[in-house]
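Participant: Mind looking at a prediction? Sequence and model below.
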Amino acid sequence: MNHTGLPASSAGDPIYHLATALLATETVDEALSAALPLLGTALDTDRGIRIDLSHDLTPALTPGFAIPLIAKGRAIGAIVVDGDALDPERASAVAGLLATAIATRRHAAVENERLLQEASGLKMDVVSMLSHEMRTPLASIKGYASALRIEGIGWDAGTRGDFLQTIEEETDRLTHLVEDILESAAIDAGLLRLQPEPILISRIARRVIDRISIQTNRHRFVAMFSSNFPVIEADSQRIEQVLTNLIDNAVKYSPDGGLVVVRGEVRASEVVISVVDQGTGIAPEHLNKLFERFFRASPEHRQHIVGTGLGLPISESLVRAHGGRIWAESAVGRGTTLSFTVPIHGAAERDV
C-alpha cells in the first residue's frame, strides 16, 4: 500500500490512470464521465459496469454485484458490475478513489453555491446602497431646480439662495460619492502614486477641522499636537484625504454631537495620529470589518448616515502605501478611536 491507502501502482497501472483522470475533473458529472470508460480496466474485468448514485447501501463490499461507494462512513452509491468474482482489494481501491472524487466535488459544489449566494447578496446590497446614495441627492437637485423654474412664483432672494445652496450641497455629495468609487477602482488597479514632500500633519489636521466644523453645529473639535511635532516626508494630499475621512467618519457616527479630538503622538520611528469621538461606538464583531469596502457599522442608524463605506478602506490603502498602519478601538456607546501611523523618516515615492 502507498501513502494514499491504495494499492501501490505505477504510471502504467489502470488505477493510476483512473486517479489521474479524476484529478482533472471539477464536477461530479465530469468525474463520472471520466471514470466510466476506465473502470473496466481498473477493475480488470470486461463485464458491463455502471455507476449508480441512487443506491443506499451499507458500507460492506459485495464483490460481483455492487461495490459500495463510501465517503466518510456513508454510502453515496455503488459501482454495479455484471457477474461476480472481482478482486476485492482492487475493487475497494477503485471504489475509494471514485467515492472520494464524488464526495469532494459535491462538497465543492455546495461551497461554491454558498459563496455565489453570499456574493450575490453582497452585490445586491452594494447596488441598493449606491442607488440610494445617488437617488437621494438627485431627487433634491431635481426638486429644487424644478421649483426655481416654476413660472408665476416669485421666490424671494432668501428662498432662492436656500434652494441653490441645497443644490450645491447635494451636487458636492454626488461628487464625493463618484470620487470615492473612482479612487477605490484606481487603488485596485495600482494607478495611484505617492508624491512625498516635507509636511506638517498638525497644520493639515487643523485645516481639515476648520473645513468640517462649518458643516456641523453639534460637534466641538480639538487638535492636540505638541509644538515640536516633527516634519515628516509624506504625500500632503493623501494625508489630508485620510484625515478628512477619519474626522468625517467621527462626525457621522456621533449624530448627537460631542467632542472630536485629533491628537498626534511622537514615537521612536513614527508618528501616531488619532481621531477620537464620543459617538455610538462599534460592536466588537464589526471592528475587523471596518476597513472592508462598502461596510458600514451601526446598521440601526445606517439609513441616516450618508456615504459609500469606501472612506476607511481607501484610507487604509493610503496609509499602508506610506509604510504605516491603521486600526480602530471602540466600545458600543462609548465612542471610537481611529488611529494611523506614518514613519518619521518618510518613504520614497512608490506605487499605491
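Facilitator: Okay, I see it. Numbers count the residues shown, from 1 in each chain.
Participant: Return stretch 244-261 as CSV; C-alpha atoms alone will do.
Facilitator: Extracted as CSV, the C-alpha positions of stretch 244-261 are listed here (Å, rounded to 0.1, in the frame of the first residue of the first chain):
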residue,chain,number,x,y,z
THR,A,244,-10.8,64.1,6.2
ASN,A,245,-12.2,60.5,6.0
LEU,A,246,-11.4,59.8,9.7
ILE,A,247,-12.8,63.1,11.0
ASP,A,248,-15.8,62.9,8.7
ASN,A,249,-16.4,59.4,10.0
ALA,A,250,-16.3,60.6,13.6
VAL,A,251,-19.0,63.2,12.8
LYS,A,252,-21.2,60.8,11.0
TYR,A,253,-21.2,58.2,13.8
SER,A,254,-21.7,60.7,16.6
PRO,A,255,-25.1,62.1,15.5
ASP,A,256,-25.9,63.6,18.9
GLY,A,257,-22.7,65.7,18.6
GLY,A,258,-20.0,65.9,21.2
LEU,A,259,-16.2,66.3,21.3
VAL,A,260,-14.0,65.2,18.4
VAL,A,261,-10.3,65.2,19.3
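Participant: Run through who's touching it.
Facilitator: For stretch 244-261, the external contacting residues (CB atoms under 8 Å, 6 or more residues apart in numbering) are 208-209, 211-212, 215-216, 218-224, 262, 274-280, 282, 297-298, 301, 304-307, 311-312, 314-315, 335-336, 338, 340. From N, CA and C alone the C-beta is placed, and that goes for glycine too.
Participant: Any stretches of the stretch 101-250 of the chain with poor pLDDT?
Facilitator: Counting by pLDDT under 70, the stretch 101-250 of the chain has low-confidence residues at 118-133, 136.
Participant: Which parts of the stretch 51-200 of the chain are helices?
Facilitator: 88-149, 157-188 (DSSP state H, counting those that start in this stretch).
Participant: Check which helices and strands the last one sits against.
Facilitator: Counting contacts by 3 or more CB pairs under 8 Å, 6 or more residues apart in numbering; DSSP states H and E, helix 157-188 is packed against helix 88-149, helix 311-321.
Participant: returning to that earlier point: now restrict the contacts of stretch 244-261 to buried residues only.
Facilitator: For the contacts of stretch 244-261, a burial check counting by 16 or more other CB atoms under 10 Å picks out 208-209, 212, 219, 221, 223, 262, 274-280, 282, 297-298, 307, 311-312, 314-315, 335-336, 338, 340.
Participant: thinking again about what came up before, mind listing which of the contacts of stretch 244-261 are in strands?
Facilitator: 219-224, 262, 274-276, 336, 338, 340 (DSSP state E).
Participant: Farthest-apart pair in those, please.
Facilitator: Greatest spatial distance among those (CB to CB): 220 and 340, at 22.4 Å.
Participant: Helix or strand for residue 40, just tell me which one.
Facilitator: Taking DSSP states H and E as the definition, residue 40 sits inside helix 28-43.
Participant: neighbouring contacts of that helix?
Facilitator: In contact with helix 28-43 (CB under 8 Å, 6+ apart) are residues 14-15, 17-18, 21-22, 24-25, 46-47, 49-51, 79, 81, 86-87, 90-91, 94, 98, 101-102, 105-106, 109.
Participant: now do stretch 313-328
Facilitator: Under CB under 8 Å, 6+ apart, the answer for stretch 313-328 is 180, 183-184, 187, 192, 194, 234-235, 238-239, 241-242, 245-246, 270, 282, 287, 290-293, 336-343, 347, 350-352.
Participant: again, only this time at 7 Å
Facilitator: 180, 183-184, 187, 194, 234, 238, 241-242, 245-246, 270, 282, 287, 290-293, 336, 338-343, 347, 350, 352 (CB atoms under 7 Å, 6 or more residues apart in numbering).
Participant: how much space between residue 256 and residue 115?
Facilitator: Going from residue 256 to residue 115 by CB to CB, to the nearest Å gives 39 Å.
Participant: let me fix that: residue 145
Facilitator: In terms of CB to CB, residue 145 sits 44 Å off from residue 115.
Participant: before we move on, what about residue 201?
Facilitator: Residue 201 is 41 Å from residue 115, by CB to CB.
Participant: And the two? Which one has more around it.
Facilitator: residue 201 (23 against 10; other CB atoms under 10 Å).
Participant: who are the neighbours in contact with that one?
Facilitator: Here residue 201 is in contact with 232, 239, 264, 271, 273 (CB under 7 Å, 6+ apart).
Participant: Can you turn the buried subset of the residues you listed into a selection I can paste into ChimeraX?
Facilitator: To isolate the buried members of those in ChimeraX, using 16+ other CB under 10 Å:
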select :232,239,264,271,273
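Participant: out of the contacts of residue 201, what pair is the most spread apart?
Facilitator: Using CB to CB, these span at most 11.7 Å, a distance reached by 239 and 264.
Participant: What are the phi and psi values at the residue minimising distance to the centre of the chain?
Facilitator: By CA atoms, centre = their mean, the chain has its centre lying nearest to residue 292, at 5.1 Å. Dihedral pair for residue 292: phi -80, psi 140, per degrees, to the nearest 10.
Participant: Using the record's assignment, carve this structure into domains.
Facilitator: Domain segmentation of the chain under automatic domain parsing yields 14-113, 125-188, 197-343.
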